[in-house]
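>>> Make a model of this:
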Amino acid sequence: MAQIPAGANRPGQLSRQQMGAAYETRARAWLEGKGLQFIAANVRERGGEIDLIMRHQRVTVFIEVRYRRSALYGGAAASVTPAKQHTLLRTARLWLARHSGSFDTVDCRFDVLAFTGDDVEWIVNAFALPT
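Presented below is the predicted three-dimensional model:
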């Protein structure tokens, strides 16, 4: 993997954006090792972004990647709040519509890949689709 440059304001440290990109790259490789197939990364739609979109067998998987240095304030998985979940759902709905689909016609789920320190937690079906 290519070396990631240090942040401009903090020599020797990655910026927040660089750190996020590094963990999204790590998440993609980790999930591909688990059998998922890459579709897209950093998908932006009006009002939101989805870190990774992958396919797991016949299921389209929308993945939120989170990183926290420690679990002191609840860890990475705890940072996916109900408001963030709502944003992810809305963004996925727009992406599906742009690709001739909907929650009714495409089998999909929402996963979280959380990096807390050196621990990796894959939460499959982290939250449900609206009914």
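>>> ranges for the helices of this protein?
Remark: helices assigned in the chain by DSSP state H are 16-33, 82-98.
>>> Val61 is nearest to which of the ones you listed?
Nearest to Val61 among the helices of the chain is helix 16-33 (8.3 Å), distances taken as C-beta to C-beta. Every C-beta, even on glycine, is put in place using the N, C-alpha and C of the backbone.
>>> Just the buried positions in that closest one, please.
Buried positions in helix 16-33, judged by neighbour count with 16 or more other C-beta atoms under 10 Å: Gly20, Ala21, Tyr23, Glu24, Thr25, Arg26, Ala27, Arg28, Trp30, Leu31.
>>> repeat for stretch 107-119
By 16+ other C-beta under 10 Å, the buried positions in stretch 107-119 come out as Cys108, Arg109, Phe110, Asp111, Val112, Leu113, Ala114, Phe115, Thr116.
>>> Just give me the closest of those to Gly47.
Nearest to Gly47 among these, with distances taken as C-beta to C-beta, is Phe110, at 16.5 Å.
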